[in-house]
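1. The amino acid sequence is not available; the structure is as follows:
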Ligand code: LLP
């Protein structure tokens, strides 16, 4: 298991995160527990911000809050002088409740409701990343009613297939996100926006995918977007001031992953934009990127308590933990792979191959298949690494399991940033109609 950020093995042979002994964290906060390495979170933010300062100062790094949205995280992002990408009323509410400056918020999403747009207009968010023609009309009308002008970027699909890095035009036209450059719809969107009185178009946006290792895909996206900026100028006279290239940089989950540092991505993007601007005689646009996974992914560790251990001779040994697909649905959803170790037995050699099961009533609730571990017994603490991205964010209450707590650990101190859900929380919104209440009374 790779030790990320401040993770280390202490003298007791325990895993330590942010200077905190994992066993002490478990005693204090219980399991399952999401532990975020605050130092690594901040280092990851700074890697982007400082690389842009070096390569392309007219830039803004905005954190994609869908990846891990909590009030403390929004605060941290504000402290790191970054902007924030939100995609729903709930993420917007979280950001505003944390005191995040609305002007640094970008509102994304392919189907923003009128209520969500009203909420954003009321808060005066900085930018709307408009996905489609219907949204252009709706936002223009809502802004008109408020006698204001909404500043927008148009989300376009540049036709980059990040996985094969081939230019599959038709494939990318068939997407629920954005307007394709290839079939002319993106240009039409820009023209429509330019004609709308209550919208002020500032530029264009794209996002080519997630968990991407190949920097050529980002380079190609930047080049394609700059060619579109050129075409927009030729066709309409409008010169884009802002170019948002989305997120997507890959991280380490297992040894099969070979992530590139954020600084390399920034250098590649900056060079591609500069080269295209020079070629086309365009002014340099402000570059915006919106990383998520590469900010929080490797900073997260989930701690679980081992419960039942079931050996099926000649077949497999199942080691079950007190969480599972409820706190980490990614293995079930995407066949995602993770590394793990026993936090209380870090120095013991791996002697057996086991599979880590969750506690949900579902055979597919498996966190890791075929993991090498020292002999695991009930009460051991399993640490799964790289769980900071899209784990808490996608957690559910399946089987009425309460969501775990989240702590930020740094400098030997751990602080709660999300309380563990209680059973009371689970029934908080339940309503028993009155006619049923009387029946229960009869039964009693
Ligand atoms: N910007 C936009 C418009 C996005 O749609 C996304 C992610 C990001 C930025 C951040 O991308 P990142 O830097 O995190 O790759 N639930 C899936 C991933 C879904 C990605 C959604 N969009 C998973 O667990 O792998």
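-> Here it is on my side, so go on. Just so it is clear, the model here is predicted, and its values are computed rather than measured. Numbering: from 1, shown residues only.
2. what number of residues lie near residue 339?
-> Residues within reach of residue 339, counting by other Cβ atoms under 10 Å, total 18. In this view, the C-beta of every residue, glycine as well, is placed from N, C-alpha and C.
3. pretty sure residue 299 is touching residue 4, no?
-> Yes. Taking contacts as Cβ atoms under 8 Å, residue 299 lies within contact range of residue 4: 7.1 Å.
4. Enumerate the residues of the protein near the ligand.
-> By Cβ under 6 Å from any ligand atom, the residues of the chain that approach the ligand are 64, 67, 85, 108, 207, 210-211, 246-249, 290-294, 330, 334, 390.
5. Just the ones of those in strands?
-> Within the residues of the chain next to the ligand, residues falling in strands by DSSP state E are 64, 85.
6. Now, of the residues of the chain next to the ligand, which are buried?
-> By neighbour count, with 16 or more other Cβ atoms under 10 Å, the residues of the chain next to the ligand hold 64, 67, 85, 108, 207, 210-211, 246-249, 290-294, 330, 390 as buried.
7. just the helices in the chain please.
-> Taking DSSP state H as the criterion, the chain carries its helices at 22-29, 38-55, 71-79, 89-97, 114-123, 133-145, 169-173, 185-194, 215-236, 262-280, 293-296, 330-334, 423-427, 434-443.
8. quick one: contacts for the spatially closest residue to residue 370 that is not a sequence neighbour?
-> Of all residues beyond its chain neighbours, the one nearest residue 370 is residue 353 (5.4 Å), with distances taken as Cβ to Cβ, 6 or more residues apart in numbering. Residues in contact with residue 353 (Cβ atoms under 8 Å, 6 or more residues apart in numbering) are 317, 370, 371, 372, 373.
9. Also residue 56?
-> 266, 269, 270, 273, 274, 284, 287.
10. how far away is the third one from the ligand?
-> As judged by Cβ to the nearest ligand atom, to the nearest Å, residue 270 and the ligand stand 18 Å apart.
11. for the first one, same thing?
-> Note on residue 266: its distance to the ligand, by Cβ to the nearest ligand atom, is 13 Å.
12. Spatially, what comes nearest to the spatially most central residue of the chain if we skip its sequence neighbours?
-> Nearest to the geometric centre of the chain sits residue 67, at 2.0 Å (Cα atoms, centre = their mean). Computed as Cβ to Cβ, 6+ apart, the closest residue to residue 67 that is not its neighbour in sequence is residue 292, at 3.3 Å.
13. cool, residue 55 as well?
-> residue 270 (3.9 Å).
14. What about that neighbour, how many residues nearby?
-> What residue 270 shows, counting by other Cβ under 10 Å, is a neighbour count of 20.
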